[in-house]
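1. what follows is a predicted protein model with its sequence.
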Amino acid sequence: MTNIKVLGIPGSLRKESFHAKLLRAAVNLAPEGVTVEIAEVGGLPLFNQDLEQNPPESVQELKKKIKESDAVLFVTPEYNYSVPGVLKNAIDWASRPYGDSAWTGKPAGIMSGSVGLQGGAKAQYHLRQSFVFLNVYPLNKPEVMVPMIQDKFDAEGNLIDEETKKRVTEYLAALADWARKING
């Protein structure tokens with residue numbers, strides 16, 4: 001497995017989301033042999049177990065993209081010490097129906113940030129708790145938690161902080177290596 005296909009899953013729908021900007025930066029910072037595609041999760045309806053046997057097309061498409069990827073990359077803010085509802089909704093849809101989870105055995109990475117000093121650490125740890133049941137294999141080290149994320153981008157939304165660029169590039173290389181190891 002030489003080229004690694006990573007599916008980036010945003011944790012925010014806000015148009016000027018710092019995390020959407022960070023995910024777009026990851027697309028451009030991916031090292032040679034790694035491609036990052038951004039999943040669309042804003043069009044998913046709220047999870048409804050009544051629909052899981054015949055899910056909406058947007059859910060089927062998300063599950064297909066997850067299954068076709070070599071790894072997933074969650075890029076999320078922290079809301080109330082946890083992950084945003086839009087991200088949890090995408091996770092729930094892709095895990096259902098029971099026995100047909102798109103997440104099973106999937107290598108995963110997490111990047112987060114916050115306008116404070118902790119960089120979304122609690123969201124990352126909470127997301128990792130969900131991974132246990134989902135049977136997702138998270139990359140433990142290195143970590144990308146971006147403190148004061150609002151200072152890392154220019155007016156056009158470009159990542160301008162050189163240290164963050166370096167960390168994202170190194171993280172994507174490590175995630176690719178992790179995917180190769182997990183996927184054999």
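-> Good, I have the coordinates.
2. let me know the pLDDT of M1.
-> M1 is assigned a predicted lDDT (pLDDT) of 52.
3. typo on my end, T76
-> The model's pLDDT for T76 equals 95.
4. for it, grab the count of nearby residues.
-> 28 (other CB atoms under 10 Å). Glycine gets a C-beta too; all of them are placed from N, C-alpha and C.
5. now it: phi and psi?
-> Torsion angles at T76 (phi, psi; degrees, to the nearest 10) stand at phi -140, psi 150.
6. tell me how far the residue most central in space within the chain lies from N48.
-> Nearest to the geometric centre of the chain sits F74, at 1.2 Å (CA atoms, centre = their mean). Applying CB to CB, to the nearest Å, the value for F74 to N48 is 23 Å.
7. please apply the same query to P107.
-> 29 Å.
8. comparing those two, which residue is more hemmed in?
-> P107 (24 against 12).
9. partner residues bridging the residue nearest to the centre of the chain?
-> I9, I110 (DSSP bridges).
10. low-confidence regions, the chain specifically.
-> For the chain, the stretches flagged by pLDDT under 70 are 1.
11. just so I have it, where are all the strands in it?
-> With strands called from DSSP state E, the chain shows them at 4-10, 34-38, 71-76, 107-113, 137-138, 144-146.
12. need these in TSV with distance to Q60, can you?
-> Shown next, in TSV, are those (distance: least, CB to CB, whole Å):
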stretch	distance to Q60
strand 4-10	15
strand 34-38	17
strand 71-76	17
strand 107-113	21
strand 137-138	24
strand 144-146	30
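13. distance from the centroid: which residue in the chain tops it?
-> Outermost residue of the chain (CA atoms, centre = their mean): D50, 26.5 Å.
14. relative to D151, how far out is it?
-> 45 Å.
15. sorry, back to before: can you say which of the strands of the chain is nearest to L87?
-> strand 71-76 (5.5 Å; CB to CB).
16. export the closest one to CSV, keeping only CA atoms.
-> Output in CSV follows, covering the C-alpha atoms of strand 71-76 (Å, rounded to 0.1, in the frame of the first residue of the first chain):
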residue,chain,number,x,y,z
ALA,A,71,-7.7,6.0,7.2
VAL,A,72,-10.0,8.7,8.6
LEU,A,73,-9.0,12.0,10.0
PHE,A,74,-11.3,13.8,12.5
VAL,A,75,-10.8,17.5,12.7
THR,A,76,-12.9,18.9,15.5
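17. what angle do it and strand 34-38 make?
-> Strand 71-76 runs at 50 degrees relative to strand 34-38, counting by axes from the mean of the first three to the mean of the last three CA atoms, to 10 degrees.
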